[in-house]
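Visitor: When you get a sec, could you give me coordinates for this:
(one chain, ligands or ions: 1)
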Amino acid sequence: MCGIIGYAGHRPAVPVSLEGLRRLEYRGYDSAGVAFKLDGGLVVIKEKGKIAALEEALEEAGNFMNATAALAHTRWATHGVPNRPNAHPHLDQSGELAMVHNGIIENYTELKQEMLQKGISFYSETDSEVLVKLVGECMKESGSVEEALSKALSRAEGAYAVVLISNAHPGRLWAARKQSPLVLGLGTGENFLASDVPAFLPYTREVVFLDDGEMVVIDANSWKVMDAATLQAKEKKSQTITWDVQAAQKGGFKHFMLKEIMEQPKVVRDCLTGRIDQQKKTVKLPEIDGLPVPKRLVIVACGTSSYAGMWGKYIIEKMARVPVDVAIASEFRYADPILAEGDQVMAISQSGETADTLAGLRLAREHGIPVIGLCNVVGSSVARESDHVLYTQAGPEISVASTKAMCSQMVMLFLLGLSYAERKGLLSDEDRAAAVSGIQEIAGVLEQSLPAMRDTARHLARSYSSADNFLYLGRGPYCPLAMEGALKLKEISYIHAEGYAAGEMKHGPIALIDPRFPTFAIALADDLFSKVKSNLIEVKARGGKIIALTNAGPGLEVDHPWYLPQVWGPLGAFTVLPAVQLFAYEIADYLGKDVDQPRNLAKSVTVE
Ligand code: F6R
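Guide: Okay, the predicted model is just below:
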């Protein structure tokens with residue numbers, strides 16, 4: 001998501017910070033800003049758009065070369081549109097503190113309300129400005145910046161990495177983290193803070209990775225890590241980074257695609273942040289509070305986003321008994337669709353710029369049908385043109401092949417289904433609590449199982465990379481996952497693959513099965529398990545090799561059973577998704593393909 005750098009040391013702090021921001025540009029951003037101290041006090045310069053625009057604005061800011069400490073930020077919008085007021089850093093009410101923030105403060109509306117009542121004004125729509133103003137409030141009763149920061153953070157729910165500068169303490173920076181990355185870089189006569197190692201890699205390879213609940217204070221010659229709640233000093237060991245800048249941008253992974261697959265536990269957490277009332281175990285989707293539960297939901301999307309929609313159809317119909325149709329946007333726009341009163345359209349798009357999806361959205365609006373945009377890029381065309389927007393919190397997706405975005409779309413569709421079911425009174429308290437705990441446990445399950453999944457994928461890729469074709473099979477909610485698995489394989493490895501409803505196999509595709517035509521099956525232990533099992537016996541009978549994703553224990557007659565962890569009810573898709581992604585990734589990498597930029601494909605398909 002956002003990029004952060006803080007610098008304290010013997011070099012001119014502002015150019016060093018801006019240079020650091022440039023090395024974080026690959027993450028994507030919509031605005032940039034910097035704060036530093038000059039004789040007259042704190043200076044904050046920020047601009048919408050690229051770092052070059054920030055540099056131009058800096059030209060007019062006097063002698064910034066004298067600043068010995070600075071913090072800078074590239075923003076990827078999560079709250080509020082991309083514009084100058086929403087860009088970071090934000091100042092507190094006294095103008096004595098400036099802060100940059102990465103993450104989401106869940107309870108920022110309540111905190112803001114409290115401060116508005118005290119007469120404090122806000123200049124942006126961001127949760128981040130609320131946080132720095134809360135620190136400002138805490139300064140009034142605290143003896144030090146660290147005490148005020150600690151008090152403020154104890155009231156902030158959600159995720160954050162923050163860096164703070166104070167007018168009263170030239171040359172010093174404070175930082176803290178919870179669920180958002182923050183790393184300390186140790187130099188000689190200089191120290192760095194950053195969201196990501198590449199920001200300072202040309203200056204030092206000696207780093208300290210901060211853990212959740214830690215605070216740090218740095219100046220040019222010292223650093224001290226503390227427990228953010230108690231302010232007790234903590235022992236931390238530094239380590240030496242051996243990656244080059246390119247590898248560091250990918251978090252040490254070989255490709256962005258792999259990094260983004262492995263980020264999915266965090267994506268699930270970020271999507272759930274602020275969405276669950278922990279006491280009542282209910283879902284919060286205030287963006288669509290004003291909309292009734294639709295008589296019918298029509299999902300319009302392309303590619304991977306449409307497969308997320310197909311999975312959502314299954315979930316929403318099952319949990320909330322709301323009919324859902326899923327239309328491929330390029331078909332929908334020319335199909336003269338029948339849209340009736342009470343229908344709602346949901347446009348799903350990671351980029352928010354896909355031409356066909358936008359055309360579908362516009363068509364729905366011409367029919368007077370309310371449109372909900374489900375998209376990842378704040379301020380994108382889908383977001384701007386929809387009547388209501390639900391943002392996924394996947395963060396920038398750089399690899400052309402979409403991975404973590406689908407995961408984030410599935411989280412939001414699950415929450416939507418749950419909220420419709422709640423509103424229709426279809427769920428008992430126990431069922432609702434089970435569903436909420438189920439989705440909340442996914443991040444932890446993925447965190448634990450992804451490394452082993454990757455090993456299995458790597459091992460299987462060696463055995464299957466010579467195949468020219470693959471059949472992917474799944475039933476019910478796993479049918480769209482089979483289609484997604486096939487899409488991933490074909491788009492990055494160029495191996496032909498078909499995703500099929502397992503029950504349809506005998507109506508055609510079974511003719512293709514022979515020992516050189518393998519099948520990748522999704523056979524999780526649900527009420528359709530015995531049916532899938534029978535389908536696989538038919539494949540085996542024709543000499544076809546089978547990999548099967550399963551959590552059903554032994555008993556499947558397949559060549560390579562791939563065991564997945566148990567999760568609640570229909571949420572098995574969250575374990576299947578990274579498995580099919582990793583399998584495609586490992587085959588493509590083994591075959592030496594250009595994984596992040598497959599031929600003929602673009603990240604945003606802005607033309608028909
Ligand atoms: C597949 C892929 C594409 C996109 C599709 C829609 O890996 O990336 O199929 O899913 O082009 O893109 P968005 O979601 O940006 O509308």
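Visitor: what kind of secondary structure is the residue in the stretch 501-608 of the chain that the ligand sits nearest to in?
Guide: Per C-beta to the nearest ligand atom, Val605 is where the stretch 501-608 of the chain lies closest to the ligand, at 4.8 Å. In short, each C-beta sits where N, CA and C put it, glycine included. Taken by DSSP: H, G, I helix; E, B strand; the rest coil, the conformation at Val605 corresponds to coil.
Visitor: next one: Phe192
Guide: strand.
Visitor: Reduced to three states, what does the residue nearest to it when sequence neighbours are not counted come out as?
Guide: Nearest non-adjacent residue to Phe192, counting by C-beta to C-beta, 6 or more residues apart in numbering: Gly185, 3.4 Å away. Under three-state DSSP, Gly185 falls in the strand class.
Visitor: can you count the residues close to the residue of the stretch 501-608 of the chain closest to the ligand?
Guide: Residues contacting Val605 under the criterion other C-beta atoms under 10 Å number 17.
Visitor: Who are the contact partners of the closest residue to Lys545 other than its chain neighbours?
Guide: Excluding the flanking residues, the one nearest Lys545 by C-beta to C-beta, 6+ apart is Pro518, at 4.3 Å. Residues counted as contacts of Pro518 (C-beta atoms under 8 Å, 6 or more residues apart in numbering) are 464, 467, 469-471, 544-547.
Visitor: Just list what whatever helix or strand Ala421 lives in packs against, helices and strands only.
Guide: According to DSSP states H and E, Ala421 maps onto helix 404-423. Here helix 404-423 touches helix 264-272, strand 282-283, helix 303-320, strand 371-375, helix 429-464, helix 573-590, going by 3 or more C-beta pairs under 8 Å, 6 or more residues apart in numbering; DSSP states H and E.
Visitor: can you list those in CSV and add mean pLDDT and mean neighbour count?
Guide: Output for these, formatted as CSV (pLDDT from 0 to 100; neighbours: other C-beta atoms under 10 Å):
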stretch, mean pLDDT, mean neighbour count
helix 264-272, 95, 24
strand 282-283, 94, 20
helix 303-320, 98, 24
strand 371-375, 97, 27
helix 429-464, 97, 17
helix 573-590, 98, 25
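Visitor: what about these, which gets the closest to Ile492?
Guide: helix 573-590 (4.0 Å; C-beta to C-beta).
Visitor: quick revisit: give the contact list for the residue of the stretch 501-608 of the chain closest to the ligand.
Guide: 302, 354-356.
Visitor: for the closest residue to Val34 other than its chain neighbours, what are its contacts?
Guide: In this structure, Val34 finds its nearest non-sequential neighbour in Ala72, 4.1 Å apart by C-beta to C-beta, 6+ apart. By C-beta under 8 Å, 6+ apart, the contact list for Ala72 reads 4-6, 14, 17-18, 20-21, 32-35, 89, 100.
Visitor: what about Ala72, distance to the ligand?
Guide: In this view, Ala72 and the ligand are 29 Å apart by C-beta to the nearest ligand atom, to the nearest Å.
Visitor: Give me the three-state assignment for the residue nearest the centre of the chain.
Guide: When the chain is reduced to its mean C-alpha position, the nearest residue by C-alpha atoms, centre = their mean turns out to be Ala394, at 1.7 Å. Secondary structure for Ala394, judged by three-state DSSP, is coil.
Visitor: is it true that it touches Gln350?
Guide: Yes - the criterion here is C-beta atoms under 8 Å, and Ala394 meets it with Gln350 at 7.1 Å.
Visitor: Now do the shared contacts for the two.
Guide: 376, 405.
Visitor: ok, for the residue of the stretch 1-150 of the chain found nearest the ligand, nearest residue in space, not its chain neighbours?
Guide: Using C-beta to the nearest ligand atom, Gly28 is the residue of the stretch 1-150 of the chain that sits closest to the ligand, at 13.1 Å. Spatial nearest neighbour of Gly28, excluding adjacent residues (C-beta to C-beta, 6+ apart): Pro396 at 3.4 Å.
Visitor: could you measure the one you found against Lys603, distance?
Guide: For Pro396, the distance to Lys603 equals 10 Å [C-beta to C-beta, to the nearest Å].
Visitor: swap in Pro323?
Guide: Distance, Pro323 to Lys603, using C-beta to C-beta: 33 Å.
Visitor: who in the protein is up against the ligand?
Guide: For the chain, the residues in contact with the ligand (C-beta under 6 Å from any ligand atom) are 302-305, 349-351, 354, 357, 401-402, 487, 491, 605.
Visitor: Just give me the closest of the contacts of Val605 to the ligand.
Guide: Thr354 (3.3 Å).
Visitor: got a list of what the closest one touches?
Guide: Taking C-beta under 8 Å, 6+ apart, one finds 301-302, 305, 329, 382, 604-606 in contact with Thr354.
Visitor: 7 Å instead?
Guide: 302, 329, 604-605 (C-beta atoms under 7 Å, 6 or more residues apart in numbering).
Visitor: Check Val580 too.
Guide: Per C-beta under 7 Å, 6+ apart, neighbours of Val580: 481, 484-485, 488.
Visitor: Please repeat the previous calculation with a cut-off of 10 Å.
Guide: 403, 457, 472, 474, 481-489, 499, 520, 522, 549 (C-beta atoms under 10 Å, 6 or more residues apart in numbering).
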